[in-house]
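> Here is my input; please provide its structure:
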Amino acid sequence: MQISENSVVSFHYTLTDKDGQVIDSSAGHAPLTYLHGVGQIVPGLENALVGKQAGDKLDVEVAAAEGYGEHHDFMVQQVPREAFQGVDDIEPGMQFQAQTPQGGMTVTVTAVDETTVTVDGNHPLAGKNLFFAVEIVTVRDATDEEKAHGHVHGEGGHHH
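The predicted structure follows:
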């Protein structure tokens, strides 16, 4: 069976950056399972998997725009240190949940000085091409329930 809209796909992957450094991998873990066509994985990878089947192995380069998006400078902001009341030790790399008019957003601290904390609301992989090594493990049709719910259910169904 080939991967198409409403397929349930399981695959192993290794994600690397342009220098070959491993960012994430399913090695040593269960394969990643998703419902194809509902946006559960980055668009560039999902598009590359169309028509593939169990046993296929492929290398996919996903452009930033088809991965986690381009890096947007407007999402980097300097915030007064007073906004972090109750947090004494703020260091680059720390993440916080910020409230915006559009809802909650995770921001990453990129710089700290005595009066200002610089935070970045971009995804950490925004603006970067992604390199996936993929091995398709299984492909099956989604059940009617999985299609209706928009996600994969485990063995014996899914209970909400």
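
> And the strands in this structure?
Defined through DSSP state E, the strands belonging to the chain, from first to last, are 7-16, 22-25, 32-35, 57-62, 76-80, 95-100, 103-112, 116-120, 130-141.

> Using TSV, lay out those strands together with distance to residue 88.
To be clear about C-beta, it is placed using only N, CA and C from the backbone, and glycine gets the same treatment. Conversion of these to TSV gives the following (distance: least, C-beta to C-beta, whole Å):
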stretch	distance to residue 88
strand 7-16	35
strand 22-25	31
strand 32-35	38
strand 57-62	40
strand 76-80	15
strand 95-100	14
strand 103-112	12
strand 116-120	13
strand 130-141	36
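
> Least reliable of the ones you listed by average pLDDT, please.
With a mean of 88, strand 95-100 has the lowest mean pLDDT of these.

> and that one, what other elements does it pack with?
Contacts defined by 3 or more C-beta pairs under 8 Å, 6 or more residues apart in numbering; DSSP states H and E place strand 95-100 against strand 103-112.

> quick one: the strand it packs on to strand 76-80, angle?
Orientation check (axes from the mean of the first three to the mean of the last three C-alpha atoms, to 10 degrees): strand 103-112 against strand 76-80 gives 80 degrees.

> For residue 147, find the nearest of the strands of the chain.
strand 32-35 (7.8 Å; C-beta to C-beta).

> Parallel or antiparallel, list what pairs with that closest one.
strand 7-16 (antiparallel) (DSSP bridges).

> Figure out how far the partner strand is from the centre of its chain.
12 Å (C-alpha atoms, centre = their mean, to the nearest Å).

> who's in contact with it?
Outside strand 7-16, the residues that touch it by C-beta atoms under 8 Å, 6 or more residues apart in numbering are 1, 3, 22-27, 31-37, 49, 130-142, 146, 152.

> And for stretch 66-76?
Outside of stretch 66-76, the residues within contact range by C-beta under 8 Å, 6+ apart are 42-45, 47, 64, 110, 118-130.

> Of the residues you listed, just the buried ones, PyMOL syntax please.
The command below creates a PyMOL selection of those among the contacts of stretch 66-76 that count as buried (16 or more other C-beta atoms under 10 Å):
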select buried, resi 42+44+45+64+118+119+120+121+122+125+126+128+130
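
> Restricted to helices, list the contacts of stretch 66-76.
Using DSSP state H, 43-45, 47 are the members of the contacts of stretch 66-76 that sit in helices.

> what's residue 121 in contact with, if anything?
Residues counted as contacts of residue 121 (C-beta under 8 Å, 6+ apart) are 75-77, 98, 105-107.
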